[in-house]
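Engineer: Okay, here's the prediction I keep looking at, along with the sequence it came from:
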Amino acid sequence: MIDYTSEELQKAQRPICSLISKSEKALRKLKPGTWQHIMLQNNIKALYIGRALMNRESAKDDFTPEDLRAALGMFSAMISKVEKAQTKFAVGTSQHTLQRNRLNALRLAEALTQAALNKG
């Protein structure tokens, strides 16, 4: 697996946990079965996988290859959305910094997920 320092992993967990919290709150407002609800559920599942890998709580056997591949797809989509959102904010603003931190955390989660999949 890719070696990240414990500081890098810990720093990335805060934006991931924040995204999980915000996504779970938003999920409660959506009607079950809608595409938005399903997409958000899949995003949350990917974020939990990323967080578990950051915490080194999980061995590669804890997730199926299908789970890891699905998470990679969700991370790719989330990264794209955050990159687009980041361009709307001036460098140095709190909004730009928030998006930068999310982007770094999502990229790290994506790399860890890819590494876990490659180990399989």
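Structural biologist: Happy to help now that I have it.

Engineer: all helices of this protein, in order?
Structural biologist: 6-28, 35-54, 65-86, 94-119 (DSSP state H).

Engineer: Counting by contacts, list what the second one packs against.
Structural biologist: Which is helix 35-54. Here helix 35-54 touches helix 6-28, helix 65-86, helix 94-119, going by 3 or more C-beta pairs under 8 Å, 6 or more residues apart in numbering; DSSP states H and E. In this view, the C-beta of every residue, glycine as well, is placed from N, C-alpha and C.

Engineer: which stretch among those comes nearest Asn55?
Structural biologist: helix 6-28 (7.2 Å; C-beta to C-beta).

Engineer: and the angle for that closest one with helix 35-54?
Structural biologist: 160 degrees (axes from the mean of the first three to the mean of the last three C-alpha atoms, to 10 degrees).

Engineer: Just the buried residues of helix 6-28, please?
Structural biologist: Neighbour counts over helix 6-28 (16 or more other C-beta atoms under 10 Å) mark 9, 11-13, 15-16, 19-20, 27 as buried.

Engineer: okay if I get the helices and strands packed on helix 35-54 as TSV plus mean pLDDT?
Structural biologist: Formatted as TSV, those follow (pLDDT from 0 to 100):
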stretch	mean pLDDT
helix 6-28	95
helix 65-86	97
helix 94-119	95
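
Engineer: between those helices, which gets nearest to Leu53?
Structural biologist: Closest to Leu53 of those, according to C-beta to C-beta: helix 94-119, at 4.1 Å.

Engineer: and the angle for the closest one with helix 35-54?
Structural biologist: Going by the same axes, to 10 degrees, helix 94-119 makes 70 degrees with helix 35-54.

Engineer: does Leu68 really touch Gly50, like I thought?
Structural biologist: No - Leu68 is beyond contact range of Gly50, at 10.4 Å (criterion: C-beta atoms under 8 Å).
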